[in-house]
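[1] Okay, here's the prediction I keep looking at, along with the sequence it came from:
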Amino acid sequence: MARVGGTQEVELVEGPAEPLRPESGVRSRARRWWFVGGAVAAMLVLAGVQWVVDARERAAVERLTAVPGALDPLGDELEVVRRLDEEETRSLSSSIPVADHTWAGIRVGEDGSQAFVATDLHTGETVWSTPLLGPHPGRAAGRGKSSGGGCQPGAGDPPAAATWAVCTVTDGYGTSSAGFVEKTVPATTTRVAVLDTRDGHLIAEWPMEHDASVNVLPGLVLVGLRRDGDIEIVAHDARTGVERWRHDDSPAPNTSVPAASWSFVTAGDVVAYADGDALTVLSASGEVVRTDLQGARGETLYTDPGTGLPALPSSSTDGVHLTDTTTLLARDADPARDRELLGRILPLTVDDGSVPGLVLTSRDKLYAWDLETGRPRWDRDLSVGDDALVVRGRVFLCGALSIIALDGRTGDPLWETDAPSCSYAGLATDGQDLLVSSITTGTTGPGGLTGYDFATGEVTRRFGFPDGIVQLGTNQGQLLGYSWTFEEVAVLD
């Protein structure tokens, strides 16, 4: 019989013999490959999960940076994009954001002429310029310390980013030094100019009285004047200048408000002016809709930036305690929809809409209200700063020496972390973190900017100040750096 196999070398070893498993090596290799393949698959799954998490975080940051008031994402350090010149610095506070990094406002030329100019803050380039008034020797001589005329954004219809602005164009001006008025030059010509904020072209213009005031409602420019006790408010179509309606009134004399300082306000879709301690409220079509609101202590309506609604703050005292309340009105001031809130409304510097209908007020404690009904949602025994942020379902506030994070739906505390400068600097965000700045002083040393994690409050980043910068500020979502004297301003990124 033939042998199946040849001679094999056998090694004899002590110990119990294992049964032969000719296939065990194959299975072992298979198991090793299965383990390696499984590990690779697991790593791929984890990498995929991390990619999804990272993509969601990037999307969340992008959404947040698109919210009004949020800064552009910052890099690893603060950099000076550009230092503003003297005229840009003077006009910065009254300029209007019209596009990304582009602001527009009245600029006074070296010859005293005036123009409505849009400037790219990052490059300093003039995007467009519309002449408004010719050379003026007196204005030229006092150009460095003069003021007169100004612009404001038009109201959207419906409320949105305005595509037009209205300017009061006048050759009257005042000069001041160290905060004191030096002289006032009376106007010889004054007019209203409505301009397109996309390219600066003139839409409409008409003359106005030198001492009149200008305000806006959706699609309307309102010119108001008080003279010899009589009040006149005229509404013009913003696109044509055509008169739409006129309101005349002869209210009871109010000796506490001189005619020269009289003014009227617009809020939501209404107009209001004081008649003694009472307010007269007009609709967007000029009818009197309210006379029952009290404007004691000089309080009047304003537009709450968080809700876009008219709000009327008021204070009362029992001789010992001062009590603050706020009436939040409907856009059209319908009295059936008034909401009486305890305290003063806390402005929301950034609100990403993650806690719909939330209104915060501050008085003896922090209160949260429902916008639609005016009913309380929750309150917390906290003394907080002047504003708040609502981001990712949370409310972020400044305490006396800390940052406080609360659940926006319940008010439950989530975390608190030390940040002594928060009380005076306030909170900001670049979409990635909460940001708090501190001032450079001779006592505390160099200032800077610190980032805090939204979820935990842990420090994530620290930024030092560029040379010459001792303090930071934000304006319409733009990060600015200031010198000791505030005379030098830099755009930061």
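    Nice, I can see it.

[2] switch to C-alpha atoms for all contacts and neighbour counts from now on
    Noted.

[3] quick one: the helices in the stretch 51-200 of the chain?
    Remark: helices assigned in the stretch 51-200 of the chain by DSSP state H, counting those that start in this stretch are 86-92, 137-141.

[4] okay if I get those helices as a markdown table plus mean pLDDT and mean neighbour count?
    Listed next are the helices of the stretch 51-200 of the chain as a markdown table, based on pLDDT from 0 to 100; neighbours: other Cα atoms under 10 Å:
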| stretch | mean pLDDT | mean neighbour count |
| --- | --- | --- |
| helix 86-92 | 83 | 17 |
| helix 137-141 | 90 | 16 |
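
[5] closest one to Pro376 among the ones you listed?
    Taking Cα to Cα, helix 86-92 is the member of the helices of the stretch 51-200 of the chain nearest to Pro376, at 39.2 Å.

[6] Can you tell me what sits against that closest one?
    For helix 86-92, contacts defined as Cα atoms under 8 Å, 6 or more residues apart in numbering pick out Gly105, Ile106, Arg107, Val108, Gly144, Glu487, Glu488, Val489.

[7] and these, which of them are in strands?
    Gly105, Ile106, Arg107, Val108, Val489 (DSSP state E).

[8] For the closest residue to the fourth one other than its chain neighbours, give its distance to Arg191.
    Which is Val108. Of all residues not flanking Val108 in the chain, Gln114 sits nearest, at 4.6 Å (Cα to Cα, 6 or more residues apart in numbering). Gln114 sits 13 Å away from Arg191, going by Cα to Cα, to the nearest Å.

[9] shaky segments in this structure?
    1-54, 156-161, 178-179, 252-261, 318-321 (pLDDT under 70).

[10] center of it, which residue is that?
    Gly69 (3.2 Å; Cα atoms, centre = their mean).

[11] dump the residue contacts of the nearest residue to that one once chain neighbours are set aside.
    If the residues on either side of it in the chain are set aside, Gly69 comes closest to Gly477, at 4.5 Å by Cα to Cα, 6+ apart. Neighbouring residues of Gly477 by Cα under 8 Å, 6+ apart: Pro68, Gly69, Ala70, Leu71, Asp72.

[12] Next, Gly477: phi, psi?
    Main-chain dihedrals, Gly477, degrees, to the nearest 10: phi 80, psi 0.

[13] what's the answer for Thr163, then?
    Dihedral angles of Thr163 (phi, psi; degrees, to the nearest 10) stand at phi -100, psi 10.

[14] shouldn't it be in contact with Gly154?
    Yes - when contacts are counted by Cα atoms under 8 Å, Thr163 is listed as touching Gly154 (7.2 Å).

[15] Could you check which of those two is surrounded by more residues?
    Gly154 (27 against 16; other Cα atoms under 10 Å).

[16] what's the distance between the closest residue in space to that one that isn't next to it in sequence and Asp433?
    In space, Gly154 comes closest to Ala165 once its chain neighbours are excluded; the distance is 4.8 Å by Cα to Cα, 6+ apart. Using Cα to Cα, Ala165 is found at 34 Å from Asp433.

[17] And these two? Which one has more around it.
    Neighbours per residue (other Cα under 10 Å) separate Ala165 from Asp433, with Ala165 holding more: 26 against 21.

[18] May I ask you to confirm that the more buried one is in contact with Ala118?
    No - counting by Cα under 8 Å, Ala165 does not reach Ala118; the two are 11.9 Å apart.

[19] Give me the contact list for stretch 480-493.
    Identification of contacts with stretch 480-493 by Cα under 8 Å, 6+ apart yields 72, 74-75, 78-86, 89, 121-122, 468-474, 478-479.

[20] ok, back up a step: show the buried residues in the contacts of Gly477.
    In the contacts of Gly477, burial by neighbour count holds for Gly69, Ala70, Leu71, Asp72, counting by 16 or more other Cα atoms under 10 Å.

[21] Dump those to TSV, plus distance to Arg58.
    Formatted as TSV, the buried ones among the contacts of Gly477 follow (distance: Cα to Cα, whole Å):
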residue	distance to Arg58
Gly69	19
Ala70	15
Leu71	15
Asp72	13
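
[22] Tell me the one among these nearest to Leu195.
    Gly69 (24.4 Å).

[23] What's the separation between the closest one and Pro376?
    Gly69 is 26 Å from Pro376, where distance means Cα to Cα.

[24] and if you look at Trp484?
    Computed as Cα to Cα, the Trp484 to Pro376 distance reads 44 Å.

[25] So for the two, which residue has more residues nearby?
    Pro376 (16 against 13).

[26] tell me which of the contacts of helix 86-92 is nearest to Val265?
    Nearest to Val265, judged by Cα to Cα, of the contacts of helix 86-92 is Gly105 at 21.1 Å.

[27] Pretty sure that closest one sits against Ser94.
    Yes - assessed by Cα under 8 Å, Gly105 is found in contact with Ser94 at 6.7 Å.

[28] Looking at those two, which one has more neighbours?
    Taking other Cα under 10 Å, Gly105 and Ser94 do not tie; Gly105 has more neighbours (28 against 15).

[29] For the residue lying closest to that one once chain neighbours are set aside, give me its contacts.
    In space, and not counting its chain neighbours, Gly105 is closest to Ser95: 4.5 Å by Cα to Cα, 6+ apart. By Cα under 8 Å, 6+ apart, Ser95 lies in contact with Trp103, Ala104, Gly105, Ile106, Cys151.

[30] any idea how far Ser95 lies from Leu121?
    As for Ser95, its distance to Leu121 is 11 Å (criterion: Cα to Cα).

[31] any residues in contact with both of these two?
    By Cα under 8 Å, 6+ apart, Ser95 and Leu121 have these common neighbours: Trp103.

[32] ok, how many other residues are close to Glu372?
    By other Cα under 10 Å, the residues close to Glu372 number 12.

[33] got the contact list for the closest residue to it other than its chain neighbours?
    Distances taken as Cα to Cα, 6+ apart place Gly357 nearest to Glu372, at 6.8 Å, with adjacent residues excluded. Neighbour list for Gly357: Asp370, Leu371, Glu372 [criterion: Cα under 8 Å, 6+ apart].

[34] Gly357 and Tyr424: what is the separation?
    Gly357 is 27 Å from Tyr424, by Cα to Cα.

[35] you'd agree Ile404 is in a helix?
    No - per DSSP: H, G, I helix; E, B strand; the rest coil, Ile404 lies outside any helix segment and is strand.

[36] Let me know the secondary structure of Ser423.
    Going by three-state DSSP: Ser423 is helix.

[37] Please verify my assumption that Gly172 contacts Thr188.
    Yes - counting by Cα under 8 Å, Thr188 is a contact partner of Gly172 at 6.9 Å.

[38] who's more crowded, the two?
    Just comparing Gly172 and Thr188: by other Cα under 10 Å the higher neighbour count belongs to Gly172, 18 against 9.

[39] what's the more buried one in contact with, if anything?
    Going by Cα under 8 Å, 6+ apart, Gly172 touches Gly148, Gly149, Thr184, Val185, Pro186, Ala187, Thr188, Thr189, Thr190.

[40] hmm, 7 Å instead?
    Applying Cα atoms under 7 Å, 6 or more residues apart in numbering, we find Gly172 in contact with Gly148, Val185, Pro186, Ala187, Thr188.
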